[in-house]
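**Student:** missing the sequence, but the structure's below:
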């Protein structure tokens with residue numbers, strides 16, 4: 001029997017960016033919400049998974065989602081308030097604390113978590129938002145086409161909590177409620193016969209799932225030694241060469257995601273001591289999350305970078321559609337791969353200034369909220385996906401399929417916008433990168449609604465995309481916008497006493513809901529034609545790797 005029983009209008013299961021946005025948006029609109037999260041941090045890929053936000057070139061120029069802009073502003077403001085920034089850094093509007101080039105906002109996951117909790121704090125104090133961290137879903141209660149409740153386990157005590165709600169959002173990282181609730185969904189890659197996509201495989205491949213990555217943080221401490229113990233499986237990662245890869249993962253070799261040509265990219269373009277002030281596009285600067293040069297000279301800290309590089313992409317085993325023990329094994333091997341790569345860097349990696357190994361690189365688990373130097377959770381690029389009332393395919397957003405200058409498809413039920421290249425990492429199905437140019441796109445409401453449940457909303461990477469288009473819809477600002485739309489829809493349905501499907505099917509109601517998004521919430525629902533049909537081909541450097 002559950003030791004606790006909660007009943008609310010809206011339950012959001014999963015506290016990543018989509019789940020947090022859904023909960024915050026609904027609560028700000030006056031709807032009581034329970035938000036649950038398996039880790040002890042909210043924010044998902046931005047925080048517990050440790051990935052600086054992968055964004056598009058307009059993110060600082062237009063308030064596409066005011067609440068997402070608010071989150072970014074809060075992160076920057078924390079550094080301005082609390083860190084000994086130089087005057088130049090402090091007065092830079094688009095402050096980039098790490099001066100990393102993968103994003104215009106490379107910052108510590110710990111600080112991002114603080115900013116997220118600043119947004120939830122007044123809502124929790126008001127009683128509109130109840131947050132249950134370290135709770136994972138273990139059962140979904142379903143009656144016909146309705147989800148009636150979700151049973152959760154407290155990971156600290158083992159106690160069980162039953163949450164019943166009128167509307168439920170699945171914002172888990174792997175789409176857990178879809179499996180637990182027997183909701184119709186897709187795993188892996190659809191075949192070309194299913195989607196008609198130019199880059200889909202000939203046949204469906206459920207085992208074709210994007211690599212996951214267990215991220216780590218490294219600090220540069222010149223003159224010191226911080227070598228970690230050699231992982232048990234080190235030799236495996238040091239010698240195994242995948243069929244689609246130019247060499248073992250413990251090396252500086254990888255492939256260009258677009259051309260698939262072999263390349264060699266070291267951690268530092270010059271000597272490590274040059275990295276503090278350098279601007280070379282090497283691995284160190286790629287996802288640097290704290291830059292020493294941003295601080296006053298008497299600051300005691302050093303450069304810190306986030307390790308989310310091709311060398312630590314784990315593609316040996318899938319996480320979805322396997323037994324719990326197989327999933328645990330995949331998680332353990334992903335962690336071992338990252339630790340092996342760190343040990344290799346510290347002891348064997350060829351140095352650009354001669355010799356081998358960089359023992360002066362130290363794991364910084366505190367930046368990620370851990371003691372072992374790795375992120376709290378694995379970085380997930382692909383989830384189970386609902387069989388949705390509408391599915392976005394490559395034909396809706398892909399430049400090659402639509403024709404240069406045609407722009408993305410226009411959706412009359414758009415609930416937000418986003419942009420990112422279709423970026424698929426090597427997969428557990430044994431394929432290499434699939435990296436495709438696309439146009440700035442819209443998020444259709446139909447993609448958030450399952451075909452077989454009336455009160456479940458998709459609020460993460462589990463929406464109605466394909467294996468291909470998930471590669472563009474999976475990034476930070478798009479996930480936030482998906483969750484934001486789901487939270488606003490829950491509040492709208494509660495106020496108007498209607499079901500999500502009624503909003504989708506009734507043009508008048510749909511426009512009233514979209515008016516809430518664009519009016520009261522200030523969310524952009526469409527790109528200008530100039531951006532939608534042109535996009536950018538010059539920003540390929542700012543992509544998730």
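**Tutor:** Arrived safely, thanks for sending. Just so you know, these numbers come straight off a predicted model, no measurement behind them.

**Student:** now do the buried residues in the helix or strand containing residue 514.
**Tutor:** Using DSSP states H and E, residue 514 maps to helix 507-515. For helix 507-515, the neighbour count (16 or more other CB atoms under 10 Å) marks 509-510, 513-514 as buried. C-beta coordinates here come from the backbone N, C-alpha and C atoms, glycine included.

**Student:** neighbouring contacts of it?
**Tutor:** Contacts with helix 507-515, where a contact means CB atoms under 8 Å, 6 or more residues apart in numbering, come from 413-415, 445, 488-489, 492, 496, 498, 502-504, 525.

**Student:** so which of these comes closest to residue 206?
**Tutor:** Nearest to residue 206, judged by CB to CB, of the contacts of helix 507-515 is residue 445 at 27.1 Å.

**Student:** check the closest one and give its pLDDT.
**Tutor:** At residue 445, the model reports a pLDDT of 98.

**Student:** residue boundaries of the helices in the stretch 151-300 of the chain?
**Tutor:** Taking DSSP state H, counting those that start in this stretch as the test, the helices found in the stretch 151-300 of the chain are 176-180, 192-195, 234-239, 283-286.

**Student:** using a markdown table, please lay out those together with distance to residue 70, mean neighbour count and mean pLDDT.
**Tutor:** Listed next are the helices of the stretch 151-300 of the chain as a markdown table, based on distance: least, CB to CB, whole Å; neighbours: other CB atoms under 10 Å; pLDDT from 0 to 100:
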| stretch | distance to residue 70 | mean neighbour count | mean pLDDT |
| --- | --- | --- | --- |
| helix 176-180 | 28 | 23 | 98 |
| helix 192-195 | 36 | 15 | 97 |
| helix 234-239 | 41 | 16 | 96 |
| helix 283-286 | 27 | 23 | 93 |
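
**Student:** could you dump those into JSON lines and include distance to residue 110?
**Tutor:** Formatted as JSON lines, the helices of the stretch 151-300 of the chain follow (distance: least, CB to CB, whole Å):
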{"stretch": "helix 176-180", "distance to residue 110": "26"}
{"stretch": "helix 192-195", "distance to residue 110": "40"}
{"stretch": "helix 234-239", "distance to residue 110": "28"}
{"stretch": "helix 283-286", "distance to residue 110": "20"}
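
**Student:** looking at the ones you listed, which is nearest to residue 259?
**Tutor:** Counting by CB to CB, residue 259 lies closest to helix 283-286 out of those; the figure is 18.1 Å.

**Student:** elements contacting that closest one?
**Tutor:** strand 304-307 (3 or more CB pairs under 8 Å, 6 or more residues apart in numbering; DSSP states H and E).

**Student:** elements contacting the host helix or strand of residue 457?
**Tutor:** Element membership of residue 457 [criterion: DSSP H and E] is strand 456-458. Judged by 3+ CB pairs under 8 Å, 6+ apart, the packing partners of strand 456-458 are strand 160-170, helix 476-496.

**Student:** which residues sit against that strand?
**Tutor:** Residues from elsewhere that reach strand 456-458 (CB under 8 Å, 6+ apart): 22, 147, 167-170, 175, 177, 181, 183, 385-386, 388, 447-450, 464, 482, 486, 489-490, 500.

**Student:** what strands flank that strand, and is each parallel or antiparallel?
**Tutor:** strand 160-170 (parallel) (DSSP bridges).
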